[in-house]
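**Q** have a look; sequence and predicted model below, questions after that.
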Amino acid sequence: MESDSLQKVIAEWLRGADLPALTPRENPIPALKPPRPILAVVGPRRAGKTYFLYQMIADLLRAGKAGRGDILFVDFEDYRLRDFRPDDMDRLLAAHFQLAGRPPRFLFFDEVQRLPSWSRILRTLHNSNKYAIVATGSSSALLSSEIATELRGRYEDVLILPFSFREYLNHRNIAWNPALLASPESGLILRAFDEYLRFGGFPEAAGVADESAKRRILQAYFDTTFYKDVLERHRIRARHLLDLLMRNLLEGYAASFSISAFEKQLKAHKLAGSKRSIANYLRHLEEAFFLAACEKFDYSPRKRTMNPKKIYLMDTGFSLLGGAFTENRGRLLENAVAVEFYRRRLKPLYFKNKSECDFIIQTGARPDEAWQVCWELNYSNEKRELKGLADARRDLKISKGGILTYNQAGTRTANGDTIRLIPVWKWLLGEDIEKA
């Protein structure tokens, strides 16, 4: 491609305006010192991956670890780079040297899937041991599984999901501290939590006040996931089946999903759809970060795979798009907890024997945490909720955990075991968890 186009792109970066204002994400940022593994920033579309790149760049500049001339930032969706070819990379680096007076040490490539033979180019650049490389890709064209395959041990990843509750408060300019959480003013935080629970944490939706505008934004994300991330990417012909499945999940989230039962429902209505197709579509939706599938706890990996999974939406805001006439607050609360576990890079499991427990966390060879989620313990559900948690603790020999509620705190006793009740919004803010 023409060198003039490359120089214009680089000149705009080197002499450009200040980096955009952003809400800092709380993801740990690895030391960007070459040589190091390629850093792949992954997550759902519109969750803020590009802004996380800006955050890393701002940190480098602010700490004095780099100047603009040490950094090459390229958005490969720039129309001027539409003819970019692998052999243009040398010209791109040479143009940077020419304009900056020195070679770059940090390479930030946004939407890297637009770069032909992107994985070969990144591997070659990494092998030179000259650069720290950070890359993002659209979920419709670059999956986490493909990054792992293509970069073959040369990468680490950072997962960027919609805002955590802490980040949401920061984005809304709502200050909080432990003292505030114990005061009557905590009602301000609880009100924000109500909004977060209902509308989710996508940055764009969090930045608008109008409810109808939030819905339109979430509907656009849903439609893009449907068409680009799954239908077009995987060349699916059974559009009706994908549509039925996604609509079913919007209404049946935070609940067990049986592929066999769903297939029977289709047959009862004389609709086509095999178990294999349903399983494939579920996997595609999980790869696109639309949902998270939680397996039933078992020490046998095979049995985990064979049992029905509990399905959670990757953002609670998507629940607004379902057809349910009433909002199920308990399931929303459970979904928010599940997403937080995934954000913390923990893979939750659920416990089901004669009783049920919502989340089992296993970080080593054995499970070490058990959590139940309940909007409010009352006369009608307290015995069931306590028994499910107590049974899981006893059977799996777990001491850590408790019951996460909307706004109940305190303790309960089951089978001689003291169980703590912790409000979810405090748990999301990091309060009280160490005592659980």
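**A** Great, that's in hand.

**Q** count of neighbours near Leu125?
**A** Leu125 has 17 neighbouring residues, counting by other C-beta atoms under 10 Å. Where C-beta positions appear, they are placed from N, C-alpha and C, glycine not excepted.

**Q** please tell me how far it sits from Phe109.
**A** The gap separating Leu125 from Phe109 is 9 Å, by C-beta to C-beta, to the nearest Å.

**Q** what sits in contact with each of these two?
**A** Ile133 (C-beta atoms under 8 Å, 6 or more residues apart in numbering).

**Q** give the contact list for the spatially most central residue of the chain.
**A** Nearest to the geometric centre of the chain sits Leu161, at 3.1 Å (C-alpha atoms, centre = their mean). Residues near Leu161 by C-beta under 8 Å, 6+ apart: 43-44, 47, 201, 289, 314-315, 339, 342-343.

**Q** now Ile57
**A** Taking C-beta under 8 Å, 6+ apart as the test, what Ile57 contacts is 19, 71, 73, 106, 108.

**Q** which SSE is it in?
**A** If you go by DSSP states H and E, Ile57 is part of helix 49-62.

**Q** which stretches in the stretch 101-250 of the chain count as strands?
**A** For the stretch 101-250 of the chain, the strands defined by DSSP state E, counting those that start in this stretch cover 106-110, 132-136, 155-159.

**Q** which strands and helices sit next to the last one?
**A** Applying 3 or more C-beta pairs under 8 Å, 6 or more residues apart in numbering; DSSP states H and E, one finds that strand 155-159 contacts strand 38-42, helix 144-151.

**Q** partner strands of it, parallel or antiparallel?
**A** strand 38-42 (parallel) (DSSP bridges).

**Q** may I see the buried residues of the strand it pairs with?
**A** 38-42 (16 or more other C-beta atoms under 10 Å).

**Q** distance from the chain centre to it, please.
**A** Its chain's C-alpha centre and that of strand 38-42 lie 14 Å apart, by C-alpha atoms, centre = their mean, to the nearest Å.

**Q** list of residues touching it?
**A** 30, 32, 49, 52-53, 122, 126, 132-137, 139, 144, 147, 151, 154-160.

**Q** any of these buried? List them.
**A** Using 16+ other C-beta under 10 Å, the buried members of the contacts of strand 38-42 are 32, 49, 52-53, 122, 126, 132-137, 139, 144, 147, 151, 154-155, 157-160.

**Q** least confident secondary structure element in the chain?
**A** None of the helices or strands of the chain scores lower by mean pLDDT, DSSP states H and E than helix 144-151, at a mean of 70.

**Q** of the strands of the stretch 101-250 of the chain, which shows the lowest average pLDDT?
**A** Per-stretch mean pLDDT for these is lowest at strand 155-159 (a mean of 88).

**Q** export that one to CSV, keeping only CA atoms.
**A** Output of strand 155-159 as CSV, limited to C-alpha atoms (Å, rounded to 0.1, in the frame of the first residue of the first chain):
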residue,chain,number,x,y,z
TYR,A,155,0.4,-15.0,24.7
GLU,A,156,-1.4,-14.0,27.9
ASP,A,157,-4.9,-12.7,27.9
VAL,A,158,-6.9,-10.0,29.8
LEU,A,159,-10.6,-10.5,30.0
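
**Q** mind pulling up the pLDDT for the nearest residue to the residue nearest to the centre of the chain once chain neighbours are set aside?
**A** Distances taken as C-beta to C-beta, 6 or more residues apart in numbering put Arg343 closest to Leu161, at 5.1 Å, once the chain neighbours are dropped. Looking at Arg343, its pLDDT stands at 95.

**Q** my guess is Arg343 contacts Arg166. True?
**A** No: using C-beta atoms under 8 Å, Arg343 is not in contact with Arg166, being 10.5 Å away.

**Q** these two: which is more packed in?
**A** Higher neighbour count among Arg343 and Arg166: Arg343, with 21 against 13, using other C-beta under 10 Å.

**Q** please name the residues that touch that one.
**A** Arg343 neighbours (C-beta under 8 Å, 6+ apart): 159, 161, 164.

**Q** how about low-confidence regions in this protein?
**A** 17, 139-146, 148, 324-327, 431-436 (pLDDT under 70).

**Q** got the domain ranges for it?
**A** As assigned by automatic domain parsing, the chain contains the domains 3-160, 168-435.

**Q** who's in contact with the nearest residue to Glu382 once chain neighbours are set aside?
**A** Spatially, and ignoring its direct neighbours in sequence, Glu382 is nearest to Arg412 (7.3 Å; C-beta to C-beta, 6+ apart). For Arg412, the contact set (C-beta under 8 Å, 6+ apart) comprises 377, 382, 386, 403, 418-419, 421.

**Q** using PDB, write out every CA atom in the helix or strand Ile361 falls within.
**A** Using DSSP H and E, Ile361 maps to strand 356-362. Provided in PDB are the C-alpha atoms of strand 356-362 (Å, rounded to 0.1, in the frame of the first residue of the first chain):
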ATOM      1  CA  GLU A 356     -29.100 -27.500  45.600                       C
ATOM      2  CA  CYS A 357     -26.400 -24.900  46.000                       C
ATOM      3  CA  ASP A 358     -26.000 -22.200  43.400                       C
ATOM      4  CA  PHE A 359     -22.200 -21.900  43.200                       C
ATOM      5  CA  ILE A 360     -19.200 -24.100  44.000                       C
ATOM      6  CA  ILE A 361     -15.800 -22.600  43.400                       C
ATOM      7  CA  GLN A 362     -12.800 -24.900  42.900                       C
END
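
**Q** could I get the buried residue list for it?
**A** Within strand 356-362, the residues scored as buried using 16+ other C-beta under 10 Å are 356-362.

**Q** columns distance to Asp368 on top of the residues you listed, output as JSON lines?
**A** Shown next, in JSON lines, are these (distance: C-beta to C-beta, whole Å):
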{"residue": "Glu356", "distance to Asp368": "19"}
{"residue": "Cys357", "distance to Asp368": "14"}
{"residue": "Asp358", "distance to Asp368": "16"}
{"residue": "Phe359", "distance to Asp368": "12"}
{"residue": "Ile360", "distance to Asp368": "9"}
{"residue": "Ile361", "distance to Asp368": "6"}
{"residue": "Gln362", "distance to Asp368": "7"}
